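Undergrad: 3D model of this:
(chains A, B, C and D)
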Protein chains: 4
Amino acid sequence: MTDADADTLNRAMMQRDRASAWLGLVVERDDPGHAVVSMVVREEMTNGFGITHGGLVFALADTAFAISCNEDDRVTVAAGADITFLKSTHAGQTLTATAVRRTRSGRTGLYDVSVVDEDGDAVAEFRGRSISTNRTF
Amino acid sequence: MTDADADTLNRAMMQRDRASAWLGLVVERDDPGHAVVSMVVREEMTNGFGITHGGLVFALADTAFAISCNEDDRVTVAAGADITFLKSTHAGQTLTATAVRRTRSGRTGLYDVSVVDEDGDAVAEFRGRSISTNRTF
Amino acid sequence: MTDADADTLNRAMMQRDRASAWLGLVVERDDPGHAVVSMVVREEMTNGFGITHGGLVFALADTAFAISCNEDDRVTVAAGADITFLKSTHAGQTLTATAVRRTRSGRTGLYDVSVVDEDGDAVAEFRGRSISTNRTF
Amino acid sequence: MTDADADTLNRAMMQRDRASAWLGLVVERDDPGHAVVSMVVREEMTNGFGITHGGLVFALADTAFAISCNEDDRVTVAAGADITFLKSTHAGQTLTATAVRRTRSGRTGLYDVSVVDEDGDAVAEFRGRSISTNRTF
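TA: Residues are numbered from 1 along each chain as shown, chains lettered A, B, ... in the order given. This next block holds a predicted model:
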């Protein structure tokens, strides 16, 4: 499968992704092993401390991970992930998640996602563990 | 501070939590070191594979973690977390996250959150790392 | 396979385990999904700060994990693990690692290992991710 | 403090590190935020499956992490770490761990360590979480 094919499959996957639309996620880059996704923090995304809910920072990173790890026509899903929160953000800020493949072998892969704010400050570091299924797109 | 006080502070925190309201989270139990939160998966919470977006499963677990780790009048936040995804779920299902303190010492704590579906099947296992700030509620 | 069979296989595995012997690990309990292993910290196990090398605390926990996750005649190995260090220890102390299965489904499992010192104080919390191979003992 | 100073402190730390000597670790590079450490796998480092004990692969990575995260005169220790095991290795092989700072802010830091064998094949990926204490060297 060519990169262009993977790209097409990823676009189809994202078009059906209702959660990403609901969260207002914008796919800035979508290549096998490399994806960039951004999100504007809305008021309804803040928690009881008035800062962006960690779960939604995770959701942004997880989406960049999902795009980057679906590198061929097999459906690849998240087996798990670890996130470290580095800086609080607020409504109105723009967060950008950049996912890069770290390693991929057989059915499993490891992808690192850095989330930064509009000043480039580190907001979170995420490492996703992927597993490819036997299903195809 | 008594448990009742912590309970009151947690309720105030959750009342200000716009993300939890937006996600439709329901706090079933709210004790220091022990919280239960549920969520009905809505269509807009599903990803491109038609299953619940992992980021929203994380958001549910993270909220139960946030409630359980705010055990006194210091603001306690997530330093990070690890999640393992065990089973896919779909729109219409009810997910329940139960958070339990594993250890807490000084300013840091570790909390385990199990997410199950309405049949009690394991959906995800989450371990959160908390850090208490110098700020108070 | 019965628990007694798994027990026999685990004993054979541990008899061939040269690293565990080298580290002086003692298997206190060896049941499917539940293992207890102890280690006396020796001078040569301390790092440049004079405390037990984190890698050797991990090795202790990892061994308890390996025993507990080999629950049947398939060879099960560690896919990965996360450890949180809670308290420093010194030469002469006895550390005990207790591993308990958290979840197991299909080929993957999750096992929690708590490491305590001789006073029962928490030294480390470890969560191991297992994967069963197609090989048998 | 200059890099040369940090280098001197790290050397002193490693000279006192009995575990590293015991494991036969060789520090190939020792710069703030960047360290390389190698280890020849010995027979006594193998487990019951005849492969390198995961705990000793962790110990190698953890040592590279410890060197790279002690970037100034404050004693910096491991708060925790996550490791993913990618490939089995055997006695006689040489493993090399390369640690690189990912992020550091205030008292906490995140360091990525890649462990490869003599063919450059990925053996493990490790991410360490550091915390600086108030003690100085």
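Undergrad: what are the pairing partners of the longest strand along chain A, and which direction each?
TA: With DSSP state E applied, the strand covering the greatest number of residues in chain A is identified as strand A:122-136. Take DSSP bridges as the rule and strand A:122-136 pairs in its sheet with strand A:74-85 (antiparallel), strand A:108-116 (antiparallel).
Undergrad: Tell me how many other residues crowd residue A:9.
TA: Neighbour count of residue A:9, defined by other CB atoms under 10 Å in any protein chain shown: 21. C-betas here are computed from N, CA, C, even on glycine.
Undergrad: Show the contacting residues for it.
TA: Going by CB atoms under 8 Å, 6 or more residues apart in numbering or on different chains, residue A:9 touches A:70, A:73, A:137.
Undergrad: what do you get for residue A:114?
TA: A:97-98, A:122, A:124-126.
Undergrad: Please, a ChimeraX command that selects the buried ones among the residues you listed?
TA: Buried residues within these, by 16 or more other CB atoms under 10 Å in any protein chain shown, are selected in ChimeraX with:
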select /A:97,98,122,124,125,126
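Undergrad: Okay, and the beta partners of the residue of chain A found nearest chain C?
TA: Nearest residue of chain A to chain C (CB to the nearest CB) works out as residue A:82 at 6.9 Å. Judged by DSSP bridges, the bridge partners of residue A:82 are residue A:127, residue B:82.
Undergrad: Hmm, it is touching residue C:81, no?
TA: No - applying CB atoms under 8 Å as the test, residue A:82 and residue C:81 come out as separate, 11.3 Å apart.
Undergrad: re earlier: how many neighbours does the residue of chain A closest to chain C have?
TA: Neighbour tally, residue A:82, other CB under 10 Å: 23.
Undergrad: likewise residue A:100?
TA: Considering only other CB under 10 Å, residue A:100 is surrounded by 15 other residues.
Undergrad: same question, the one 4 residues further on
TA: Other residues near residue A:104 number 19, with proximity taken as other CB under 10 Å.
Undergrad: same deal with residue A:6?
TA: Counted with other CB under 10 Å, residue A:6 comes out at 20.
Undergrad: residues touching the residue nearest to it when sequence neighbours are not counted, list them.
TA: Excluding its sequence neighbours, the residue lying closest to residue A:6 (CB to CB, 6 or more residues apart in numbering or on different chains) is residue A:32, at 4.7 Å. Contact analysis of residue A:32 by CB under 8 Å, 6+ apart lists A:3, A:6-7, A:68, A:71-72, A:101.
Undergrad: what do you get if the cut-off is 7 Å, keeping everything else the same?
TA: By CB atoms under 7 Å, 6 or more residues apart in numbering or on different chains, the contact list for residue A:32 reads A:3, A:6, A:71.
Undergrad: Likewise for residue A:96?
TA: Counted by CB under 7 Å, 6+ apart, residue A:96 has contacts A:36, A:38, A:116.
Undergrad: Okay, and the beta partners of the last one?
TA: Taking DSSP bridges, one obtains residue A:96, residue A:122 as the residues bridged to residue A:116.
Undergrad: from what I can see it touches residue A:124, true?
TA: No - Residue A:116 lies out of contact with residue A:124 (CB atoms under 7 Å); the separation is 8.8 Å.
Undergrad: Tell me where chain A is predicted with low confidence.
TA: Applying pLDDT under 70 to chain A flags residues A:1-2.
Undergrad: How about the residues of it by chain D?
TA: Contact residues (CB under 7 Å from any CB of the partner chain) of chain A with chain D: A:82, A:84, A:86, A:102-103, A:105, A:110, A:122, A:125, A:127, A:129.
Undergrad: Quick check: residues of chain A near chain B?
TA: So chain A meets chain B at A:13-14, A:16-19, A:22, A:43-49, A:53-56, A:58-59, A:62-63, A:75, A:78-85 (CB under 7 Å from any CB).
Undergrad: Near chain C, which residues of chain A are found?
TA: residue A:82.
Undergrad: still on that earlier bit, do I have it right that the residue of chain A closest to chain C meets residue D:82?
TA: Yes - taking contacts as CB under 7 Å, residue A:82 lies within contact range of residue D:82: 5.4 Å.
Undergrad: closest to residue C:91 among the contacts of residue A:114?
TA: Comparing the contacts of residue A:114 against residue C:91 with CB to CB places residue A:125 closest, at 34.8 Å.
Undergrad: so who does the closest one touch?
TA: Counting by CB under 7 Å, 6+ apart, residue A:125 has contacts A:84, A:86, A:114, D:102-103, D:110.
Undergrad: Quickly note the distance from it to residue B:127.
TA: Taking CB to CB, to the nearest Å as the measure, residue A:125 falls 17 Å from residue B:127.
Undergrad: Equivalent analysis for residue A:83, please.
TA: For residue A:83, the distance to residue B:127 - CB to CB - is 11 Å.
Undergrad: Between those two, point out the one with more neighbours.
TA: Neighbours per residue (other CB under 10 Å) separate residue A:83 from residue B:127, with residue A:83 holding more: 28 against 24.
Undergrad: residues near the closest residue to residue A:133 other than its chain neighbours, how many?
TA: Of all residues not flanking residue A:133 in the chain, residue A:75 sits nearest, at 4.8 Å (CB to CB, 6+ apart). Other residues near residue A:75 number 17, with proximity taken as other CB under 10 Å.
Undergrad: correct me, but residue A:75 touches residue A:131?
TA: No - with contact defined as CB under 7 Å, residue A:75 does not reach residue A:131; the gap is 9.9 Å.
Undergrad: got any residues that touch both of these two?
TA: Common contact partners of residue A:75 and residue A:131 (CB under 7 Å, 6+ apart): none.
Undergrad: And the closest residue in space to residue A:47 that isn't next to it in sequence, how close does it get to residue C:107?
TA: In space, residue A:47 comes closest to residue A:53 once its chain neighbours are excluded; the distance is 4.5 Å by CB to CB, 6+ apart. Per CB to CB, residue A:53 is found 33 Å from residue C:107.
Undergrad: Could you tell me the end-to-end distance of stretch A:49-60?
TA: With CA to CA, to the nearest Å as the measure, stretch A:49-60 spans 20 Å from end to end.
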